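1. Curious how this folds, go ahead:
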Amino acid sequence: MVYLSYIRPMSLREKVEQLLPNWESWYPSLFDAARDLGVIVPEVCDPNTLLLTRRHRRIVQRAQEAHRQKWGGSAQD
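-> The predicted structure follows:
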């Protein structure tokens, strides 16, 4: 018989504690420890992608385009 079980992903705290059990005595925060241990890696991104207004504008544009494709109409409608 094969039993399928759900594997719960490890939390950030669990990953850090697995690598360095006494991290709290060395680091002021969980994020500092995770960064130094390589659990989280910062990425450089375009600042425009961080602005919610621009992200929302793209979502609205995609929704309007999908609506036009399905129901017809022009961009000015």
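2. Outline the domain layout of this protein.
-> As recorded under automatic domain parsing, the domains making up the chain are 11-42, 45-77.
3. Kindly reformat the ones you listed as CSV containing mean neighbour count and mean pLDDT.
-> All C-beta atoms are positioned from the backbone trio N, CA, C, and that covers glycine. Listed next are the domains of the chain as CSV, based on neighbours: other CB atoms under 10 Å; pLDDT from 0 to 100:
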stretch, mean neighbour count, mean pLDDT
domain 11-42, 13, 94
domain 45-77, 9, 80
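4. Okay, and T53 sits in which element?
-> Assigned by DSSP states H and E, T53 belongs to helix 52-71.
5. ditto for E43
-> E43 belongs to no helix or strand, assigned by DSSP H and E.
6. What is the neighbour count of it?
-> 5 (other CB atoms under 10 Å).
7. secondary structure element for G73?
-> Per DSSP H and E, there is no helix or strand for G73.
8. Now it: closest residue in space that isn't a chain neighbour?
-> Spatially, and ignoring its direct neighbours in sequence, G73 is nearest to H67 (7.7 Å; CB to CB, 6 or more residues apart in numbering).
9. Tell me the secondary structure of the closest residue to P42 other than its chain neighbours, please.
-> Excluding its sequence neighbours, the residue lying closest to P42 (CB to CB, 6+ apart) is R35, at 7.2 Å. Secondary structure, DSSP: H, G, I helix; E, B strand; the rest coil: R35 is helix.
10. Can we start the residue count at 15 from this point?
-> With the count now opening at 15, the last piece we talked about shows up as R49.
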